[in-house]
Each structure stands twice: as C-alpha cells, then as structure tokens.
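> this is a predicted model, with the sequence first.
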Amino acid sequence: MADNLNPEYVFKTLSTLSHRIILKELASGPKTVMDLFASLKREKNLDIKNRESVYKALEKLRKAKLVKKYYDENRKKMFYKLSFKKISFDMTTGGLFIA
C-alpha cells in the first residue's frame, strides 16, 4: 500500500483537468514549467494565462505526492517528473497502491 498517499487529496487533485493533462505530459518524461506551459496553452479546454498557474498546479501535484521536482546540474534547470506511472485504488479498504 502507498501509505504516504492520501486518497482524498489525490482524488481531489486529479479532479482538475489541468492537473490530469500535466500528469499525461509528464508520462513522456521530465519537463520544465515552461515546457508544460507551452503544452497547456495549446489545450482548447483550458484557460492557462501564465506559467505561475502551471507552477501552482505542479505544487499541488507535489503535495499529493504524484510529482517530484529536481534540479538538473547539466542543463541548469528545474524539472518535474512523475513519482510513479500507475496507482490503484482498493475499493474494499479505500487505500491507494503503487502498481
């Protein structure tokens, strides 16, 4: 079981379209805030006006423990990546599991 994941907070975080799109983008590999901002601006159903909106979304995803942040010394940039590719929800216990 993923003891460090709070199911209520994870589901609340996943209820936001922009958060789900960010996770989908990160599934292809680590990205910077600017990379994600460029991708989200192309989405027709989103009203993303600035990179601060993307940063706030990433911080919520980090708080939910779905995303990790790290500094790449070679490229001298901050990157975000998925904490893991899959999680499962156990309907009988209400727990989240890393799949």
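Yep, that arrived.
> so residue 68 sits in a strand?
Yes: judged by DSSP: H, G, I helix; E, B strand; the rest coil, residue 68 forms part of a strand.
> number of residues surrounding it?
15 (other Cβ atoms under 10 Å). To be clear about C-beta, it is placed using only N, CA and C from the backbone, and glycine gets the same treatment.
> just checking, it touches residue 84?
No: between residue 68 and residue 84 there is no contact under Cβ atoms under 8 Å: 9.6 Å.
> what average pLDDT does the helix or strand residue 56 falls within get?
In the assignment (DSSP states H and E), residue 56 maps to helix 51-63. Mean pLDDT, helix 51-63: 94.
> what of stretch 72-82?
Mean predicted lDDT for stretch 72-82 stands at 96.
> tell me how far it lies from the chain's centre.
15 Å (Cα atoms, centre = their mean, to the nearest Å).
> what does it contact?
23, 26-27, 29-33, 36, 58, 61-62, 66-71 (Cβ atoms under 8 Å, 6 or more residues apart in numbering).
> in the protein, which spans are helices?
Assigned by DSSP state H, the chain shows helices spanning 7-14, 17-26, 33-41, 51-63.
> contact partners of the third one?
Where contact means Cβ under 8 Å, 6+ apart, the residues beyond helix 33-41 that reach it are 18, 21-22, 25-26, 31, 46, 48, 50-51, 54-55, 58, 78, 80.
> now the first one
Contact partners of helix 7-14, identified using Cβ under 8 Å, 6+ apart, comprise 19-20, 23, 60-61, 63-66, 87, 89, 94-96.
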